[in-house]
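1. coords please:
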Amino acid sequence: MSPAHTARPRPQADQETEFFWASGRDGRLRFRSCTACSALIHPPQPVCRRCRGQDTAVREVSGRATLIGFTVNHRFPFPGLPTPFVVAQVAIEEDPRVRLTTNLVDCAPQDLRLGMFMEVVFEQVDDVWLPLFRPAADQPAPAPLPPDDPAPERMRAHVRRTPATRKFEDRAVISGAGASRIGRRLMAPPLHLTLEACEKAVADAGLALDDIDGLSTYPGGGAYGGFAEGGVTALESALGIRPVWHNGAGETFGPGGSVIAAMLAVAGGLARHVLCFRTVWEATHAELVRQGRIQLPRAGAADGWFKPFGAVSPAIMLAMNAQRHMHRYGTTRETLGWIALNQRAGATLHPDAVYRDPLTMDDYLSARTITTPFGLYDCDVPCDAATAVVVSAAETAPDLPKAPIRIEAVGTQIVERPEWDQATLTHEPQVLGQAAHLWTRTELRPADVDVALLYDGFTFNCLSWIEALGFCGIGEARDFLDGGQNIARDGTLPLNPHGGQLSHGRTHGMGLLHEAVVQLRGEAGARQVRDARTAAVSSGGLTPSGVLLLRTDG
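-> Numbering: from 1, shown residues only. The predicted structure follows:
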């Protein structure tokens with residue numbers, strides 16, 4: 001399958017990267033390299049990550065590589081690449097720690113196998129050359145996949161224990177939680193949804209809006225294609241809260257980063273009550289685009305190291321991690337299916353869930369392909385919704401109308417590289433280190449968790465968190481999830497009892513935190529997990545991410 005030679009956007013090239021995109025002019029692949037330790041440096045940096053040497057040079061390599069992952073994309077169109085097309089990752093022969101996201105040409109997808117030997121070919125787009133790969137003529141037995149660095153089993157060795165004798169987590173509580181209406185294409189302006197959720201959360205905490213002296217959100221105004229309400233400034237402008245502290249950023253611990261930032265603010269005395277919120281508006285936004293009432297930016301240069309090759313969705317990147325987990329540990333599509341079925345079973349008990357119809361394994365396996373190995377039910381449900389929580393200083397707890405939710409610990413440390421294609425091969429990037437960090441900040445263990453609210457933008461996100469947090473061993477999810485009993489509401493690890501993002505709706509992680517609060521208070525009605533006193537809440541389907549461990553005093 002050869003890509004079309006028209007209309008593919010050219011990649012952005014700058015002073016640091018133009019040598020790479022121009023390499024194909026003479027048919028030779030080049031990387032920046034450390035002159036001290038000979039490591040290849042990709043993406044190009046002014047310093048070597050391995051030895052931190054700053055003497056680097058451009059180095060020509062053979063152009064040979066090992067195929068370490070691929071997905072056949074059926075869902076996401078891209079100019080110049082007729083669907084379906086193959087997005088792949090290859091490990092460079094001279095330094096397999098360096099991987100490229102690319103397209104495969106001159107091959108049939110059904111003939112591809114992990115571990116195949118590949119060779120570079122170039123496609124010119126204007127004044128840049130895209131490195132594509134095809135199977136090499138000589139094909140010995142497939143090579144083993146290169147090991148992760150660090151290996152999943154050794155993440156704990158890189159985690160730093162807190163030096164403090166008193167944790168900042170002890171000085172903050174979650175005092176209130178609220179959620180707006182949720183649905184597909186509500187056609188309500190996003191700020192309206194934000195106000196609904198925030199007013200409910202403040203009232204739930206027994207506070208007035210004038211008591212709020214901090215605002216915190218993720219990812220902030222203007223991020224992620226206009227899908228949100230406009231961030232802190234939009235809410236402050238509407239309500240006139242006049243915060244003494246505020247925060248809005250995408251480079252934080254995933255969606256829960258706004259909550260962790262708020263905890264630090266109240267622990268440090270900057271604020272007493274911080275309103276944290278997240279609004280998604282993707283379903284209505286997409287409908288308005290379809291109607292022509294919102295204009296998307298005209299396609300131009302494709303930025304980053306992924307988009308020039310049509311890797312335009314996290315689904316495409318994560319699908320390759322799922323494929324490698326299956327290859328290394330024997331995980332199957334049915335393994336992921338048990339997560340989808342569990343979430344749907346929970347959603348049938350939630351009156352506000354977007355998808356409430358029963359789901360069978362046959363339904364799951366026969367659904368249309370999105371990008372292999374993911375089908376429709378491996379992907380979460382775009383929706384319109386807002387979620388909010390109030391983080392308060394712990395000394396205010398006696399004055400709250402409801403028992404506060406305590407934060408036992410957070411896990412935030414980055415251990416892997418932030419770049420998706422350079423990080424963990426077999427798990428969602430940025431879960432293993434953060435999960436290991438969590439358990440250094442508490443005496444509780446995985447067996448003490450009564451309910452797990454784990455990020456499930458895709459089924460594989462959820463599987464990655466299950467293994468990372470130690471609810472089963474690395475590579476043991478197939479057995480742990482088989483049959484779905486362990487993750488059922490009455491199982492050993494009740495998982496996303498409200499339906500998660502796969503069936504309740506894509507609330508971008510904050511809905512998980514809201515459900516944790518509801519469960520720990522015993523207010524979940526028909527979906528209530530019996531005797532829930534401790535909850536793990538993971539935050540992030542992007543990088544970086546984080547995880548929180550919550551508990552009640554009861």
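
2. just the strands in the stretch 451-554 of the chain please.
-> Assignment of strands within the stretch 451-554 of the chain using DSSP state E, counting those that start in this stretch yields the ranges 451-453, 534-539, 546-551.

3. what sits up against the first one?
-> Counting by C-beta atoms under 8 Å, 6 or more residues apart in numbering, strand 451-453 makes contact with 465-466, 469, 471, 487, 493-497, 500, 512-513, 515-516, 519-520, 529, 532, 534-538, all of which sit outside it. From N, CA and C alone the C-beta is placed, and that goes for glycine too.

4. show me where the stretch 101-250 of the chain dips below the pLDDT cut-off.
-> Counting by pLDDT under 70, the stretch 101-250 of the chain has low-confidence residues at 164, 222-226.

5. next one: the stretch 251-400 of the chain
-> 297-300.

6. sorry, back to before: quick check on the contacts of strand 451-453: which are buried?
-> Restricting the contacts of strand 451-453 to buried positions leaves 465-466, 469, 471, 487, 493-497, 500, 512-513, 515-516, 519-520, 529, 532, 534-538, with burial counted as 16 or more other C-beta atoms under 10 Å.

7. among those, which ones are in helices?
-> Trp465, Ile466, Leu512, Leu513, Glu515, Ala516, Gln519, Leu520 (DSSP state H).

8. please list all residues in contact with the fifth one.
-> With contacts defined as C-beta under 8 Å, 6+ apart, the neighbours of Glu515 are Leu453, Asn496, Pro497, His498, Ala524.

9. and the first one, how far from Ser538?
-> When you say that, I think you mean Leu453. 7 Å (C-beta to C-beta, to the nearest Å).

10. so what sits against both of the two?
-> Leu512.

11. of the ones in helices among the buried ones among the contacts of strand 451-453, which is the nearest to Gly63?
-> Using C-beta to C-beta, Trp465 comes nearest to Gly63 of these, at 37.2 Å.

12. excluding chain neighbours, what is closest to that closest one?
-> Leu454 (4.2 Å; C-beta to C-beta, 6 or more residues apart in numbering).

13. my read: Met263 touches Val390, true?
-> No. Contact criterion C-beta atoms under 8 Å: Met263 and Val390 do not qualify, at 11.7 Å.

14. any idea how far stretch 481-489 is from the middle of the chain?
-> 23 Å (C-alpha atoms, centre = their mean, to the nearest Å).

15. whatever helix or strand Val98 lives in pairs with which strands, and in what direction?
-> Using DSSP states H and E, Val98 sits in strand 95-103. In the sheet, strand 95-103 lines up against strand 85-92 (antiparallel) (DSSP bridges).

16. any chance you could list what contacts the strand it pairs with?
-> By C-beta under 8 Å, 6+ apart, the list of residues contacting strand 85-92 from outside reads 1, 3, 31, 40, 61, 64-73, 78, 97-104, 107, 109, 112, 118, 133, 145-146, 309-311, 316, 320, 371, 421.

17. with only the CA atoms kept, save it in PDB.
-> Taking Å, rounded to 0.1, in the frame of the first residue of the first chain, the C-alpha atoms of strand 85-92 are listed here in PDB:
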ATOM      1  CA  PHE A  85      -3.200   3.100   5.900                       C
ATOM      2  CA  VAL A  86      -0.500   1.800   8.200                       C
ATOM      3  CA  VAL A  87       1.200   3.900  10.900                       C
ATOM      4  CA  ALA A  88       4.200   2.100  12.400                       C
ATOM      5  CA  GLN A  89       7.000   2.500  14.800                       C
ATOM      6  CA  VAL A  90      10.500   1.200  14.000                       C
ATOM      7  CA  ALA A  91      13.700   0.900  16.200                       C
ATOM      8  CA  ILE A  92      16.800   2.100  14.500                       C
END
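
18. pLDDT averaged over that strand - what is it?
-> For strand 85-92, the mean pLDDT works out to 98.

19. kindly report the same for stretch 24-39.
-> Averaging pLDDT along stretch 24-39 yields 96.

20. gap between that stretch and the chain center?
-> So, by C-alpha atoms, centre = their mean, the centroid of stretch 24-39 is 31 Å from its chain's centroid.

21. end to end on that stretch, go ahead and measure it.
-> 21 Å (C-alpha to C-alpha, to the nearest Å).

22. before we move on, what about stretch 483-492?
-> End-to-end distance (C-alpha to C-alpha), stretch 483-492: 13 Å.

23. then stretch 270-286?
-> With C-alpha to C-alpha, one end of stretch 270-286 sits 39 Å from the other.

24. likewise for stretch 133-152?
-> Start-to-end span of stretch 133-152 (C-alpha to C-alpha) is 28 Å.

25. that one: how far from the chain's middle?
-> Worked out by C-alpha atoms, centre = their mean, stretch 133-152 lies 26 Å from the chain centre.

26. okay, buried residues for that stretch please.
-> In stretch 133-152, counting by 16+ other C-beta under 10 Å, buried: Phe133, Pro135, Ala136, Ala143, Leu145, Pro146, Asp148, Pro150, Pro152.

27. mind listing the strands for the stretch 101-250 of the chain?
-> Along the stretch 101-250 of the chain, counting by DSSP E, counting those that start in this stretch, strands occupy 117-125, 128-135, 172-179, 214-217, 245-248.

28. direction included, what does the first one pair up with?
-> Same thing as strand 117-125. Take DSSP bridges as the rule and strand 117-125 pairs in its sheet with strand 64-73 (antiparallel), strand 128-135 (antiparallel).
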